[in-house]
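Participant: what follows is a predicted structure for the sequence shown.
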Amino acid sequence: MRTDPARPLAIIGNLNVDQWLGPVTRFPAWDEELLIETSRVELAGSAGYIALACRALGIAPFIVSTVGDDLFGHFTLDTLRALGLETTGVEIIPGLPTPLGLIFVGPDGERGILSVLGAHAEMSAGLALRHDERVAACPEVFLCGNYLLPRCAPLQMSSYARMARARGQTVVFDPSWDPGGWSDHVREETRLLLPDVDVYLPNQEELCRLTATSSWERGLDAIRGLAAETVIKRGAAGAVYASATEVIEVSGLPIEAVNTIGAGDVFDAAYLYGRRRGWQPTERLSFACAYAAHVVAQRGERHYPDEQEVGAFRDRLSQVSSGANG
């Protein structure tokens with residue numbers, strides 16, 4: 001299972017721009033204008049967050065996605081290039097806007113989000129096949145944000161996943177939250193895709209909605225054995241690894257979460273990093289939980305750590321915990 005950490009990772013999914021606005025104490029009435037204190041624009045989407053974490057961990061991401069021929073599209077491409085990341089798989093779709101998330105932040109950190117689908121309406125398996133020479137050179141293919149991509153829904157990606165596995169690639173799958181309300185159709189097509197998935201990475205709420213169950217344990221019972229490996233993200237409570245033969249749980253870390261946007265995505269990247277290093281499931285889970293905790297505990301502009309920084313972060317938390325217990 002050990003893979004050279006420096007080999008590229010193919011990421012096929014939602015790459016967008018987030019614009020943060022706040023603090024918002026109330027929303028304006030129609031035709032009313034209000035002032036707020038801050039606004040910032042940053043690279044985002046599941047593909048964006050995974051790519052940024054991978055870069056910090058020494059994994060070269062190859063992103064397949066779409067943007068518009070507009071200011072935000074050029075911002076996305078310029079940001080990736082400035083970070084030394086390849087952009088040949090990110091296609092500009094004329095006539096459609098770049099996918100955008102408007103994030104309204106309340107005075108206590110609560111958030112409301114409005115999203116623009118835009119150029120993601122043209123995301124498809126065909127787009128990935130246009131870049132197959134580069135994708136085929138990657139040991140893993142990461143399908144992400146599929147519920148947010150109408151033409152990359154699980155049913156549309158099933159034959160693509162089978163093709164990737166047939167040529168020896170590891171298929172990783174994190175479709176995110178279903179904004180359509182978890183219809184029976186979405187549930188069924190997701191379950192049909194899972195046998196062609198090597199690593200499935202839902203959070204516990206997504207798993208419960210997918211399986212129409214009330215706990216991650218029952219949700220896992222409902223799908224266990226479909227994907228070769230299921231990793232359930234439980235936020236502050238930690239994470240769970242499950243295969244056909246074992247279930248492993250690890251606890252989360254005692255931190256104050258400041259900004260949880262993208263937490264699951266950076267967890268995914270860190271988990272795959274540990275998997276590439278040949279670590280056992282317990283250490284993969286522990287490292288991924290610590291990585292996500294390091295990211296969400298930050299204030300202001302986000303920094304994505306490397307392995308050594310995560311280790312130092314864990315040591316500091318351990319010392320604080322030992323001091324408190326002493």
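Facilitator: Yes, it's here. Since we're looking at a predicted model, the values are computed, not measured.
Participant: what residues does stretch 148-156 touch?
Facilitator: 12-14, 115, 117, 120-125, 143, 145-147, 175-176, 179, 186, 189-190, 192-193 (Cβ atoms under 8 Å, 6 or more residues apart in numbering). (Glycine included, C-beta is placed from N, CA and C.)
Participant: repeat the analysis, applying 7 Å as the threshold.
Facilitator: Stretch 148-156 has contacts (Cβ atoms under 7 Å, 6 or more residues apart in numbering) with 14, 120-121, 123-125, 146, 175-176, 179, 189-190, 193.
Participant: repeat for stretch 233-242
Facilitator: For stretch 233-242, using Cβ under 7 Å, 6+ apart, the contacting residues are 201, 203-204, 216, 220, 224, 230-232, 247-252, 257, 264, 267, 281, 285, 288-289.
Participant: of those residues, select the buried ones using a ChimeraX command.
Facilitator: Buried residues within the contacts of stretch 233-242, by 16 or more other Cβ atoms under 10 Å, are selected in ChimeraX with:
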select :201,203,204,216,220,230,231,232,250,252,264,267,281,285,288,289
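Participant: so which of the contacts of stretch 233-242 are in helices?
Facilitator: The helices, defined by DSSP state H, take in Q204, W216, L220, G264, F267, P281, L285, A288, C289 from the contacts of stretch 233-242.
Participant: what residues are up against V116?
Facilitator: With Cβ under 7 Å, 6+ apart, V116 has these contacts: P97, P99, L100.
Participant: Validate this expectation: the first one resides in a helix.
Facilitator: Yep, that's P97 we're talking about. No: under DSSP: H, G, I helix; E, B strand; the rest coil, P97 falls outside any helix and is assigned coil.
Participant: any low-confidence regions in the chain?
Facilitator: Residue ranges of the chain with pLDDT under 70: 1-2, 321-326.
Participant: about what we covered before: just name the closest of the contacts of V116 to V90, please.
Facilitator: Taking Cβ to Cβ as the measure, P99 is the one of the contacts of V116 closest to V90, at 11.5 Å.
Participant: show me what the closest residue in space to the closest one that isn't next to it in sequence is bridged to.
Facilitator: Closest residue to P99 apart from its sequence neighbours, by Cβ to Cβ, 6 or more residues apart in numbering: N16 at 3.6 Å. Beta bridges link N16 to A44, judged by DSSP bridges.
Participant: what's near enough to touch the residue lying closest to N259 once chain neighbours are set aside?
Facilitator: Among residues not flanking N259 along the chain, V296 sits closest, at 5.9 Å (Cβ to Cβ, 6+ apart). Residues in contact with V296 (Cβ under 7 Å, 6+ apart) are A257, V258, N259, T260, A263.
Participant: list only buried entries from the contacts of stretch 148-156.
Facilitator: For those, buried by 16+ other Cβ under 10 Å: N14, H120, M123, S124, A125, N146, P175, S176, E189, T190, L193.
Participant: could you dump those to CSV with distance to P139 and secondary structure?
Facilitator: As requested, these are exported to CSV (distance: Cβ to Cβ, whole Å; DSSP: H, G, I helix; E, B strand; the rest coil):
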residue, distance to P139, secondary structure
N14, 22, coil
H120, 26, helix
M123, 23, coil
S124, 23, coil
A125, 20, helix
N146, 21, helix
P175, 21, coil
S176, 23, coil
E189, 26, helix
T190, 24, helix
L193, 20, helix
